[in-house]
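Enquirer: just need the structure, nothing else, for what follows:
(chains A and B)
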Amino acid sequence: MEKLNFTGTGSEYFKIWIVNILLTIITMGFYIPWAKVRNRRYLYANTTVANRNFEYHATGLQLLLGFIIGLVLFIIYSFVTQIAPQFAGIFMIVFMLILPWLVWKSLMFNMKMTSFSNVHFSFQGKLGKSYKIFLGYPALLFLVIFIILGGSIFLTKFLLLGDIIPEPIMMIGGIVLGLLATLGYLYFFAFMKKATTEYTLSNSYYGQGKFDTEIETKKFFIILLKTMALAIVPIGLLVGIIMPILQGGMASGIEMMFVVAYFGFIFFMMLVASYAVSRERKYIYENTLLDNNITFESTLRARDIAWVMISNFFLIMITLGLAFPWAKVRMAKLMLENTLVETSQGFDTFISTQEDNTSSIGDQIGDAFDVDVGVAF
Amino acid sequence: MIKGNWHPKGSAAQLDALLSSDDLGRYVIEFEDGTIFNGEISQLKVSERLGNVRRKIYLEDGSLFSTLNNDAVDELFQKFQKVPSFIYYLETRWTWVATALFITILVGFSFFKWGIPWTSEKIAHALPYETNRFISKGSMTFLDKILFEESNLSKVRQDEISKHFYAKLAKLSVEDESEIVYKLHFRSWEMDGNSVPNALALPSGDIIVTDKFIELTKSFDEIDSVLLHEMGHVVHRHGLEMMIEGTFVTVAVMMISGDGSGVGDMGVGLGSALVSSSYSRGHESEADLYAFKKMLQAKINPVSFSHIMNRMTAFMGKDNNLSKASSDDEFLDYFASHPSTKKRVELANKYSECFKKGLTVCE
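Expert: Okay, the predicted model is just below:
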């Protein structure tokens, strides 16, 4: 097992980042695709293992079309929802309908544009499966919620169950049902995470080598339950302090308390998120295999990621965003140096299966929306 | 001699290799076992330099030579092939980096400080007046549901104030916005057992005054001063402006921390709140100015505004145990949605001086 390295430095990345911003300002934003490429190239090329490095191959020109389409749609969306909010719903529906396609396109494009040691990655998932996961399952959940809610309203309102069954039993029944519904929802959430992780990873290839990920919903569910138990503190904070303040309409003088509660909330949320990320990552890596023999491992500890997350947050805030490159490098270093890959069998046998780096129109569109399917990699 | 690695086309296998050149523009790649590759340097494709990341040189047959020795590669290609290096040049000169930093801070600051408010104001006033009514549709019902209760003021008192308002004030603003239809509402606002003195305006021209506010005032002049302030919000279309500013801020902050993979995202809420309250303070000052100017026109002493403001601040400070920190606290200024009472009173006094001199315009 060998750990990944990040060879970049904050100061070097800062120069690249700030020049990117300068050119973005001068070009009124049209440099953004090129800036994105330069950022990614820097981060990828500095990621090394076994004396080999990653590489990002897309060009600014390739990203430009997707960027413009994304921008135009976003402006239309912002404008319409501000002026006529009733159309926001239509936008949401249209977006939900094309989201699976965007995810699929984005995965294909980004995998294709990434190489390691001169061999490209690829994504060969089916579009239908993407629709099943990102549209079918959520729609099913919606339907189930609808039936349960509708059913309980029907039972209490029209069958007048409340008159037949004594009140204490009704109340206990309500609490039990509510608890079951919450657990059911969490289980669905774990299932979604399993489905997206497997869809993304198990359809990815490194050259001719296939990734294989097998995940049990149960394991994700347990991690999720533990996370929820930890999250009681920040949620209590939210309900106990922030909510009354917001409802009270911000009387003068309590802003200070609001700020304290806000930071406290963020602090605890980061701790909770760190726990979830470290555990999920560990579980996913341990159950992922490349080409039937290369194994992975994550040694990322919750406390380390929490520390970097929280200190980065303050770093960025105090410097009004100027410390972003250092924050990014710190996070990259932490993530990569806690990723282990079995390298003893070497990578020499891998070969690219696709010849060129070209992409057809539409391939890049998904990238413009930065659709994140929530796989920790 | 440049030390590096060589990959066959599309293969992950790598071999140690040495790249060298002669003065005639030919290159040679040598392997440990003595195998040799050679050709014209002008036929090679080299990647653009980026920091010190591994440089890639593609050979004619699609195979790849890569090296960390960037300087040597630059030197080699300088003579025989033009490699774009403009951006790398900017990134490595501290003068350019400092310039970029300076311009970024300047543009960023100006954009938030003046760009967004200015553009929002222009947009707000370019939109048809109907928009104002449209965005406050249902607001009154909503506020009545969550915040307000029926007023306890006597009908006589309500009528008296309304009559005064419609007769004296509503007419004052006609020249500015003939489309605005003002409507005065009386409500009671209770919070934690305390009555809240306040006046607020909806973009549609509905102005709400609370019982406690009326109770604290000692003259019509004081009521008028606050009502004129609220009318200032309506005339300047502040409600609409806030919405447009909000959209700008959200988009801008999202773009800044966009690639932050969740790290910076959590600061977005606070950043937006800070910027928005700064805009809100600007609006309050604008409404104050509007009120003072109108008061001079209507022959009302602007000092009335400082009287009622002081009384309201004193009342809030005394009866509300949550507001221990005074509003003049420098730090909290950044979070406050209103300018400090001290500053507002100072301006009112300045206008009062003008009033005493009988001026109708105050510089």
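Enquirer: ok, which stretches of the stretch 251-363 of chain B are helices?
Expert: B:267-297, B:303-319, B:330-333, B:341-356 (DSSP state H, counting those that start in this stretch).
Enquirer: compare those helices and say which comes out lowest on pLDDT.
Expert: Note on those: lowest mean pLDDT is at helix B:330-333, with a mean of 48.
Enquirer: let me have the helices of the stretch 251-363 of chain B in JSON lines, extended by distance to chain A and mean neighbour count.
Expert: For glycine as for every other residue, the C-beta is placed from the backbone atoms N, C-alpha and C. Formatted as JSON lines, the helices of the stretch 251-363 of chain B follow (distance: least, C-beta to the nearest C-beta, whole Å; neighbours: other C-beta atoms under 10 Å in any protein chain shown):
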{"stretch": "helix B:267-297", "distance to chain A": "5", "mean neighbour count": "19"}
{"stretch": "helix B:303-319", "distance to chain A": "6", "mean neighbour count": "19"}
{"stretch": "helix B:330-333", "distance to chain A": "5", "mean neighbour count": "13"}
{"stretch": "helix B:341-356", "distance to chain A": "9", "mean neighbour count": "17"}
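Enquirer: so which of the ones you listed comes closest to A:S311?
Expert: Closest approach to A:S311 among the helices of the stretch 251-363 of chain B (C-beta to C-beta): helix B:267-297, 12.9 Å.
Enquirer: does chain B sit close to stretch A:31-49?
Expert: Yes - using C-beta under 8 Å from any C-beta of the partner chain, stretch A:31-49 reaches chain B at A:36, A:38-39, A:41-42, A:45-46.
Enquirer: lowest-confidence one in those residues?
Expert: Among the residues of stretch A:31-49 next to chain B, A:K36 carries the weakest pLDDT, at 89.
Enquirer: can you list the buried residues in the helix or strand A:S152 falls within?
Expert: With elements taken from DSSP states H and E, the one containing A:S152 is helix A:137-153. Within helix A:137-153, the residues scored as buried using 16 or more other C-beta atoms under 10 Å in any protein chain shown are A:137, A:141.
Enquirer: pLDDT weak spots in the chain?
Expert: Since no chain was named, I'll use chain A. Within chain A, the segments meeting pLDDT under 70 span A:82-85, A:159-163, A:234, A:237-239, A:241-259, A:354-377.
Enquirer: ah, no, chain B please
Expert: In chain B, residues with pLDDT under 70: B:173-177, B:253-271, B:317-337.
Enquirer: domain-wise, how is it divided?
Expert: Following automatic domain parsing, chain B resolves into domains at B:2-92, B:111-356.
Enquirer: which one of those domains lies nearest to A:M335?
Expert: Closest of these to A:M335 is domain B:111-356, at 9.5 Å (criterion: C-beta to C-beta).
Enquirer: what about that closest one, distance to the chain center?
Expert: 18 Å (C-alpha atoms, centre = their mean, to the nearest Å).
Enquirer: residues in contact with stretch B:349-363: which ones?
Expert: Contacting residues not belonging to stretch B:349-363 are listed as B:292-293, B:295-297, B:300-303, B:306 [C-beta atoms under 8 Å, 6 or more residues apart in numbering or on different chains].
Enquirer: those residues into JSON lines, with extra columns for distance to B:V107?
Expert: Shown next, in JSON lines, are the contacts of stretch B:349-363 (distance: C-beta to C-beta, whole Å):
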{"residue": "B:F292", "distance to B:V107": "34"}
{"residue": "B:K293", "distance to B:V107": "34"}
{"residue": "B:M295", "distance to B:V107": "39"}
{"residue": "B:L296", "distance to B:V107": "39"}
{"residue": "B:Q297", "distance to B:V107": "40"}
{"residue": "B:I300", "distance to B:V107": "43"}
{"residue": "B:N301", "distance to B:V107": "44"}
{"residue": "B:P302", "distance to B:V107": "38"}
{"residue": "B:V303", "distance to B:V107": "42"}
{"residue": "B:S306", "distance to B:V107": "39"}
